[in-house]
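In: next input, structure requested:
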Amino acid sequence: MMDRLIFTRQSFFLYGMMFENRNVNGGTEMRWSDLTTPWKRSFLQAWEAYCNGSIPIGSVLVNQQGEIVLEGRNRVLEGTAPVKQVFGNRLAHAEMNVLLQLNGKDYEEMSEATIYSTMEPCIQCFGAIILSKVRNICFAATDDKLAGATTIKDEHGFIESRNLNIRGPFPILGEVQMVLRTDFLLRTFTTERAEELIAAHAIDYPIGVSVGRTIFQLNTLQEVKNVSDGFPLLFDELVTKIKQVKQAHSV
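Out: Below you'll find the model as predicted:
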């Protein structure tokens, strides 16, 4: 009988093992409460995308004062979206659904704005960010083995002329993002296609992919979907598990 992970408001219990909230090697462990608001909102948007059957990627736009002014998420596999956002096609990415909400008069104020995303922007979204005059980009997980585009160079110097400030990837955040993505791929695509994509992600995120496979087998994320406000606790438990696996691999 397969071990079963049971979600509660206090902890996850795996048969024969408990993922406790504790520091690894006595060090400081990232918790949900440590995240800045833009990262929290980005991951909550990614979680909402997952819960609605779309690719788990979320994004927010922050103004110069650090206030979140727009939010969006991936909606490629959905049948509805709020006004000014897109859905149900391959263009319905998280960053696009943020930027499409801008009005013409907003663009002149974008040079000091920052867009956050749980995944490195693809070539479509990277181009949209540049054309929207957003200079600051933060992303959690790199995607340079597949669609990530933030390292693209152009022959004419247009991208360089925009003086972009790109920050990312962020190690632990990237691993958590890859857990969500691995579960989604295994749950949504054919085995052959899922494994092809996962193999590319495993180059940079072997731990996130490994934890994602376990989470998929245990059906954890599907159970957490039914828990109100369950993602913050899930995040903390995933971080703990990621740290434990890394520690085990370093021995």
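
In: surely Gly79 touches Phe87?
Out: Yes. Contact criterion Cβ atoms under 8 Å: Gly79 and Phe87 qualify, at 6.6 Å. Where you see a C-beta, it was placed from the backbone N, CA and C, and this is true even at glycine.

In: neighbour count: those two, which is higher?
Out: Higher neighbour count among Gly79 and Phe87: Phe87, with 18 against 9, using other Cβ atoms under 10 Å.

In: could you measure from the more buried one over to Leu180?
Out: Distance of Phe87 to Leu180, given as Cβ to Cβ, to the nearest Å: 20 Å.

In: with Gly127 instead?
Out: The spacing between Gly127 and Leu180, counted by Cβ to Cβ, is 25 Å.

In: so which bits of stretch 84-98 are buried?
Out: Going by neighbour count (16 or more other Cβ atoms under 10 Å), the buried part of stretch 84-98 is Gln85, Val86, Phe87, Ala92, His93, Ala94, Glu95, Met96, Asn97, Val98.

In: what's the closest of those to Arg73?
Out: Within these, the smallest distance to Arg73 is 5.0 Å, found for Ala94 (Cβ to Cβ).

In: what's the nearest residue to the closest one if we skip its chain neighbours?
Out: Ser59 (4.0 Å; Cβ to Cβ, 6 or more residues apart in numbering).

In: what's the strand or helix carrying the one you found packed up against?
Out: Assigned by DSSP states H and E, Ser59 belongs to strand 58-62. Counting contacts by 3 or more Cβ pairs under 8 Å, 6 or more residues apart in numbering; DSSP states H and E, strand 58-62 packs against helix 37-51, strand 68-73, helix 94-99, strand 114-119.
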